[in-house]
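[1] okay, structure incoming, though there's no sequence with it:
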């Protein structure tokens, strides 16, 4: 099956710093999503981004489907950005695969 | 309601017992999804429903797992003869419109808080 790799696995930042999280996938996909799971376990959909670039406040994402990767940018990080960031790729046969996640800790 | 709700929030059961987990999607959302998150396997997609259509069950981990959705709204995930490896957080999500977009993927999903299942 399709492999989804996220990097780095762990990231510690000082508040105010910027970061880039990466998601590589091994085969062509129909769609890709980024999620944030906060320290209390709640999952929130951040971006639905099969290709191109989207921005939402301090967060933006870019997917280059032809090169099989997506990037999530976090600017001016805040302590509330802490948690685990997952990417998930979707194929046409009702198949959705998640990466192992990047655990982000933002220190005050 | 305002968001996806799941019940119970926590369930502790003995090995071999059956459990039922419930999901109430956001009103008006026609697509509903079940996932589980465990320490060993990470996040896994289990099954999705589009309205009243029969779901694709190929993502379910074993034949002890079944899911149904009554009236295109509330869904229950049933695990029969639970095993310790079934211990996980079971997450439900819902989305607007068609579960599969024209391009072949899922719409943006909104997640419930999950049910933490512990099998002793």
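    Noted; the coordinates are in hand. These figures come from a predicted structure and were not determined experimentally.
[2] look at residue B:30 and report its pLDDT.
    Reported pLDDT at residue B:30 in the predicted model: 87.
[3] burial count for it?
    By the measure other CB atoms under 10 Å in any protein chain shown, the count of residues near residue B:30 is 19. Every C-beta, even on glycine, is put in place using the N, C-alpha and C of the backbone.
[4] same thing with residue A:105?
    14.
[5] helix or strand: which one has the spatially closest residue to it that is not a sequence neighbour?
    Nearest residue to residue A:105 in three dimensions, chain neighbours excluded: residue A:12, at 4.8 Å (CB to CB, 6 or more residues apart in numbering or on different chains). In this assignment (DSSP states H and E), residue A:12 forms part of strand A:10-14.
[6] which strands or helices does that strand pack on?
    strand A:19-25, strand A:102-107 (3 or more CB pairs under 8 Å, 6 or more residues apart in numbering or on different chains; DSSP states H and E).
[7] the longest one pairs with which strands?
    It stands for strand A:19-25. As defined by DSSP bridges, the strand partners of strand A:19-25 come to strand A:4-7 (antiparallel), strand A:69-74 (antiparallel).
[8] likewise for the shortest one?
    For strand A:102-107, the paired strands and their directions (DSSP bridges) are strand A:10-14 (parallel), strand A:83-91 (antiparallel).
[9] tell me how far residue B:15 lies from chain A.
    With the distance defined as CB to the nearest CB, to the nearest Å, residue B:15 ends up 24 Å from chain A.
[10] hmm, back to that, most packed of the helices and strands packed on strand A:10-14?
    Neighbour counts (mean count of other CB atoms under 10 Å in any protein chain shown) averaged over each of the helices and strands packed on strand A:10-14 peak at strand A:19-25, with a mean of 19.
[11] quick revisit: who's in contact with the residue nearest to residue A:105?
    A:104-107 (CB atoms under 8 Å, 6 or more residues apart in numbering or on different chains).
[12] rewinding a little: need the strands paired with strand A:102-107 in a markdown table with mean pLDDT and distance to residue A:66, can you?
    Listed next are the strands paired with strand A:102-107 as a markdown table, based on pLDDT from 0 to 100; distance: least, CB to CB, whole Å:
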| stretch | mean pLDDT | distance to residue A:66 |
| --- | --- | --- |
| strand A:10-14 | 97 | 27 |
| strand A:83-91 | 93 | 14 |
